[in-house]
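Asks: Structure for the following, please:
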Amino acid sequence: MQRLPRIGLLPLYLKLYDECAPKVRAEFAPFLDRIAAKFAGQGVEVVRSDICCVAAEFGRAVQAIEKQDVDLLVTVHLAYSPSLESIDALVKTALPILILDTTMDAAFGCRVKPERIMYNHGIHGVMDLACMLRRRGKPFEIVAGHLEAKATLSRAAEIARAACAARTLRKTVTMRVGGPFRGMGDFAVAEDVLAKKLGIRVINVGAADLGRDVRSVRVPQVAAEVAEDRKRFRCELPRECHERSVRVGLGLRRALEKNGCNAFSMNFLAFDSAAGPVNTVPFLEASKAMARGVGYAGEGDVLTSALVGALASAFGQTTFTEIFCPDWRGNSLFLSHMGEICPDVLAGKPRLSEKPYKFSAALNPAILTGRMQPGPAVFVNLVPGPSDRFSLIAAPVEVLTDSASKAMDGVVRGWIRPPCPLPAFLEAYSRHGGTHHSALVLGERADAVLAFARFAGLDEVRIGGE
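Replies: Got it, this is the predicted structure:
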């Protein structure tokens, strides 16, 4: 369910220039082509509008863009454009807005020819529009820089992914299998509140309800999935364990597709029988689902499952996780969970093994393990707060190298270093109400994740790395 973000590109111009220098407009066409090509090179689909000068043109252009299933409206000033021509159309649209503050030329020093002013003075139109958007209470994002600076379009593309993620969150349909884990309160939110405040719809099923979908899985389908697993993973488990995990997983996958779900959560205690079709916990499918951009969280936590799905669908390389243990001496945190991790966050071939299971009568499941890819990442948490408000905590972190202990090979694991001393990080995290279920997104994406929070109407909290 991963998809490319899609933007509407809206060029702004001045009618006066068409009247006094009618040939100039056409000279901006290669510039707009470059912008569109740069976005496409960053994995962003572009819907282009005609150049607009007056209010009626802006109104028609924005309405046309709205019909094109875009995630974000991107404005670019080709020249000065009076804000009162565009402001009404931009305030009325429900689309989030990014102002791309760029110009045709990279250099404009003291040796510049005066005729180049005509092609590079959109910046004061940016200021006019930004001021009016703020005065009219319309949120917007802005990225400034020249197209040839790598950071400019990569940052703009990340903003587009943030808008895509926010849109996905608001359209989430998540399945909860087996109800919430008894007594866990931090992520517990009434379903009507999830629907009203975040747009998340919940479908509840029991583990036994999956039986019909599991029974419909055919032997050739299981064999094909097992064969694919043997290509993708380092399989070190009995075939019987592998096949039953795949069978239950494919049944769960079918149930998700049948119900139009892009996220799910399951209570492992609900899988309590070794008999019948649903005879193991589908941890393997949870891991695979996250790699497909399907959200997941454990213990019936549909809130975090929606978060993981939104981030994974737009950014990829996202996993559900929990902070398990502090390494006070090493200033790091150990991340883990019972049997779920997105294989896309792991380095090398993940290991697929049988996990001894003692929590119910269900048979041993297959789980994926491996070492997380070291490097920058963002630790993300969606926090229910007072008065049914939600906030998003984002912390830029460093994923550390893996344990050298062979005994940890069968454990879902990862170590991260927070952006400040560990005690300070944990204190700030709990002061802001951070829950014990979170997401980890690989890459230097804290700014984009916080833009996602703003687009989704969440209060934003950044811990460290300011």
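
Asks: How many neighbouring residues does residue 82 have?
Replies: 18 (other CB atoms under 10 Å). Heads up, the C-betas are built off the backbone N, CA and C, glycines and all.

Asks: tell me the pLDDT at it?
Replies: pLDDT for residue 82: 95.

Asks: so how far is residue 134 from the closest residue to it other than its chain neighbours?
Replies: Of all residues not flanking residue 82 in the chain, residue 128 sits nearest, at 6.7 Å (CB to CB, 6 or more residues apart in numbering). According to CB to CB, to the nearest Å, residue 128 and residue 134 sit 11 Å apart.

Asks: So for these two, which residue has more residues nearby?
Replies: Shown here are residue 128 and residue 134; by other CB under 10 Å, residue 128 has more neighbours (19 against 11).

Asks: which other residues reach the strand or helix carrying the more buried one?
Replies: Applying DSSP states H and E as the criterion places residue 128 in helix 123-135. Helix 123-135 is contacted by residues 12, 75, 77, 79-84, 86-87, 90-91, 97, 99, 101, 103, 139-140, 142 when judged by CB atoms under 8 Å, 6 or more residues apart in numbering.

Asks: Just the ones of those in strands?
Replies: Counting by DSSP state E, the contacts of helix 123-135 place 12, 75, 77, 97, 99, 101, 142 in strands.

Asks: Count residues in the vicinity of the third one, would you?
Replies: Per other CB under 10 Å, the neighbour tally for residue 77 reads 25.

Asks: still on that earlier bit, and of the ones in strands among the contacts of helix 123-135, the nearest to residue 293?
Replies: residue 97 (25.3 Å; CB to CB).

Asks: Excluding covalently adjacent residues, which one is nearest to that closest one?
Replies: Using CB to CB, 6+ apart, the nearest residue to residue 97 is residue 140, at 4.2 Å.

Asks: Surely the one you found touches residue 98?
Replies: Yes: proximity of residue 140 to residue 98 meets the contact threshold set by CB atoms under 8 Å, at 6.9 Å.

Asks: Which of the two has more residues huddled nearby?
Replies: Of the pair residue 140 and residue 98, residue 98 is the one with more neighbours under other CB under 10 Å, namely 23 against 16.

Asks: Quick check, that one in contact with residue 160.
Replies: Yes: Residue 98 is in contact with residue 160 according to CB under 8 Å; the separation is 7.3 Å.

Asks: got any residues that touch both of the two?
Replies: 7, 72, 74.

Asks: Now do the residue nearest the centre of the chain, the pLDDT please.
Replies: With distances taken as CA atoms, centre = their mean, residue 311 lies nearest the centre of the chain, 1.5 Å away. Predicted confidence (pLDDT) for residue 311: 98.

Asks: which residues does the closest residue to it other than its chain neighbours contact?
Replies: Spatially, and ignoring its direct neighbours in sequence, residue 311 is nearest to residue 318 (4.6 Å; CB to CB, 6+ apart). By CB under 8 Å, 6+ apart, the contact set of residue 318 is 290, 308, 311, 312, 342, 344, 345, 439, 440, 441, 442.

Asks: Mind doing that once more with 6 Å?
Replies: Shown in contact with residue 318 (CB atoms under 6 Å, 6 or more residues apart in numbering): 311, 312, 439, 441.

Asks: Assumed the last one was part of a strand.
Replies: Which is residue 441. Yes: if the criterion is DSSP: H, G, I helix; E, B strand; the rest coil, then residue 441 is within a strand.

Asks: what's the distance between it and residue 375?
Replies: Relative to residue 375, and taking CB to CB, residue 441 is found at 12 Å.

Asks: And for residue 275?
Replies: 45 Å.

Asks: More neighbours: which of those two?
Replies: residue 375 (12 against 9).

Asks: and that one, what are its phi and psi?
Replies: In terms of degrees, to the nearest 10, the main-chain angles of residue 375 are phi 140, psi -170.

Asks: Which pLDDT does the model give it?
Replies: pLDDT for residue 375: 97.

Asks: sorry, back to before: any chance of a ChimeraX selection covering the buried ones in the contacts of helix 123-135?
Replies: Restricted to buried positions by 16 or more other CB atoms under 10 Å, the ChimeraX selection for those reads:
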select :12,75,77,79,80,81,82,83,86,87,90,97,99,101,103,140,142
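
Asks: Would you confirm that residue 334 contacts residue 325?
Replies: Yes: counting by CB atoms under 6 Å, residue 334 touches residue 325, with 4.2 Å between them.

Asks: picking up where we left off before, the residue nearest to the centre of the chain: what's it in contact with?
Replies: Residue 311 neighbours (CB under 6 Å, 6+ apart): 165, 318, 439, 441.

Asks: Closest one of those to residue 202?
Replies: Nearest to residue 202 among the contacts of residue 311, with distances taken as CB to CB, is residue 439, at 18.4 Å.

Asks: Relative to residue 296, how far out is that closest one?
Replies: On the measure of CB to CB, residue 439 and residue 296 end up 10 Å apart.

Asks: Find residues that contact each of these two.
Replies: In contact with both residue 439 and residue 296: residue 308, using CB under 6 Å, 6+ apart.

Asks: burial count for residue 423?
Replies: Count around residue 423 with other CB under 10 Å applied: 12.

Asks: quick one: pLDDT of it?
Replies: Predicted confidence (pLDDT) for residue 423: 97.
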